[in-house]
Every structure is written in structure tokens, then in C-alpha cells.
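In: Next come a sequence and a model predicted from it.
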Amino acid sequence: MILEALKHWVPRPLKEAARSAWQRERLRRAMRRLLALPTGVAPERPLLAELRAAWGNDRFTADLDFLREVTCLAAVTPGPVLECGSGLTTLLLGALAGRRGVEVWALEHEPESRRRIAAALRDHVAGQVYLWFSPLSDYGDFVWYAAPLPLMPDEFRLVVCDGPPAGTRGGRFGLLSVIGDRLPAGAVILLDDADRDTEQHTLRRWMRDVPLAVALRQLPSGTLAELTRC
């Protein structure tokens, strides 16, 4: 009863500061466990659940099944990784691919999100992660990230496509239009939210333009498409 009464007298800024400090410590512990895994080994669901809870931001953080797919591929991908949109997945890619010497390039159009993720990368990940502020730009038929193409690798072997956000003109169609010539045979694209109408339209257009092997996986939160360039 006394503790409950005291809670009402603690100023909100102090409560928020304490909560934030606890979240940072929780994330630090979970990331330490992740980085202690042997090279090439992906984390199991309990550790992913702890990382997700410690990261917070539940509204936008990917679900466990998607995180599991991302980490399994990140742990073994032989070449550069491109991430469209950033978040907890950026830390996971950096820990599992970046620390093996595999470059990770993440495009983020929200300044505040980029600041938060950049700070987390500095605190927790010692790998080759390039987090770029990439505003959404008009390419004529679609809107997509202003990617720093002259600086990027000649090819990507894994793409985690979780952006641009819903409501963007053209959805995620711009990926292959802008980056397609940097995806060699065998490159894998993970397309989240593949059951949405916009993404279904994107898939049909991609399959018409580019030879792709498509595997659809039903997850509790929706459908994930795993596309392999033929």
C-alpha cells in the first residue's frame, strides 16, 4: 500500500527516466547474450522475445516469426544486406551479419527513428552497419527511398523489405526498380506484410518483370514472402 501511494507522488519525468533506464539495461543484457552466440548461429525464440520486449515500440516492431526468419538468414548470408526501413532488425542484422564482416545498409526516412537506432548501434553493435537517412522521394511512378547509390555495394545478397510504410504511393514496388540490378541470382528478398493489397500488386509486378522463386509463409500477424532471384 505504501509503495502504491508513493507512486502517485513520484513526478512523471522521474518515472519516465527510470523506465527508460530499465529498458536500456534490459536491452544491454539481451544484446550481450545475442553477441555471445557462436558465429553463424541464429537466436532462438526466447532470446528474440526478450530483445523485442526490451526494444519496446510494440506498434512498429516486427513479430517474433518475422524476426526469426530475418535472423536465420542474417546469420549465414554470404554478402551485403540491404534493409528498407530500420528498427530492432537493424541491430539483429548488425550483430549477426555485420560482425562477420558482411556490410549492412539500412535506409530510414524518419529522423527520430534514425537517431534512436543510431544510438542503439553505437551502444550495442560492433559491426559494419551503415544507417542512412533516406527521405522518401518521388521517382515518377512510385515513391521510394533516396538511396545513396554511388556509395552502396555493387550487389546485395539479402534484402529485408519492411518499408516504406503503408500508404506510400507504389508501396514497396520501388525496391526492384531502384536496386534490382544489384540483386544477383540467388539473392533473397524478405517481403513483410505480403498479404496486403499493395504488396500483392507489387509481387505480381515484380514476378512479371524479374524471374523470382516465391515462397509464401503464413505468420500469426500476416504473410511473409521469401523471394529468390533466379
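Out: That came in fine, so what should we check first?
In: Without its sequence neighbours, what residue ends up closest to Ala194?
Out: Ala225 (3.8 Å; CB to CB, 6 or more residues apart in numbering). C-beta: built from backbone N, CA, C; applies to glycine.
In: how about the one you found, what does it touch?
Out: In this structure, Ala225 makes contact with 189-191, 194, 199, 203, 214-217, judged by CB atoms under 8 Å, 6 or more residues apart in numbering.
In: what's the closest of those to Arg229?
Out: Ile189 (7.7 Å; CB to CB).
In: quick one on the thing from earlier: parallel or antiparallel, which strands does the helix or strand encompassing the residue nearest to Ala194 pair with?
Out: Per DSSP states H and E, Ala225 falls inside strand 222-229. With DSSP bridges as the test, strand 222-229 is paired with strand 188-191 (antiparallel), strand 212-219 (antiparallel).
In: Okay, buried residues for the first one please.
Out: Think strand 188-191. By neighbour count with 16 or more other CB atoms under 10 Å, strand 188-191 contains the buried residues 188-191.
In: what number of residues lie near Thr168?
Out: Thr168 has 18 neighbours, counted by other CB atoms under 10 Å.
In: What separation do you get for the residue nearest to it when sequence neighbours are not counted and Arg182?
Out: Nearest non-adjacent residue to Thr168, counting by CB to CB, 6+ apart: Val143, 5.3 Å away. Distance of Val143 to Arg182, computed by CB to CB, to the nearest Å: 20 Å.
In: now Leu48
Out: 29 Å.
In: Where does the residue nearest to the spatial centre of the chain sit: helix, strand or coil?
Out: Closest residue to the average C-alpha location of the chain: Thr89 at 3.6 Å, with CA atoms, centre = their mean. The three-state label for Thr89, taken from DSSP: H, G, I helix; E, B strand; the rest coil, comes out as helix.
In: residues touching it, list them.
Out: Thr89 touches 62, 67, 70, 83, 160, 162, counting by CB under 8 Å, 6+ apart.
In: Could you rerun that using 10 Å?
Out: 55, 61-62, 66-67, 70-71, 74, 83, 104, 106, 117, 160, 162, 190, 192 (CB atoms under 10 Å, 6 or more residues apart in numbering).
In: pLDDT check: weakest of these?
Out: Of all these, Thr61 has the smallest pLDDT value, namely 58.
In: Identify each buried residue in stretch 223-230, please.
Out: 223-227, 229.
In: Tell me which stretches of this structure form helices.
Out: 2-9, 12-35, 45-55, 64-74, 88-96, 111-124, 174-179, 197-209 (DSSP state H).
In: Just want the angle from the fifth one to helix 111-124.
Out: I take that to be helix 88-96. Going by axes from the mean of the first three to the mean of the last three CA atoms, to 10 degrees, helix 88-96 is angled at 30 degrees with respect to helix 111-124.
In: now could you export just the CA positions of helix 88-96 as PDB?
Out: Output of helix 88-96 as PDB, limited to C-alpha atoms (Å, rounded to 0.1, in the frame of the first residue of the first chain):
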ATOM      1  CA  LEU A  88      15.300  -3.800 -33.900                       C
ATOM      2  CA  THR A  89      16.000  -5.700 -37.100                       C
ATOM      3  CA  THR A  90      18.900  -3.300 -37.800                       C
ATOM      4  CA  LEU A  91      20.600  -4.300 -34.500                       C
ATOM      5  CA  LEU A  92      20.000  -8.000 -35.200                       C
ATOM      6  CA  LEU A  93      21.400  -7.700 -38.700                       C
ATOM      7  CA  GLY A  94      24.400  -5.900 -37.400                       C
ATOM      8  CA  ALA A  95      25.000  -8.500 -34.700                       C
ATOM      9  CA  LEU A  96      24.600 -11.500 -36.900                       C
END
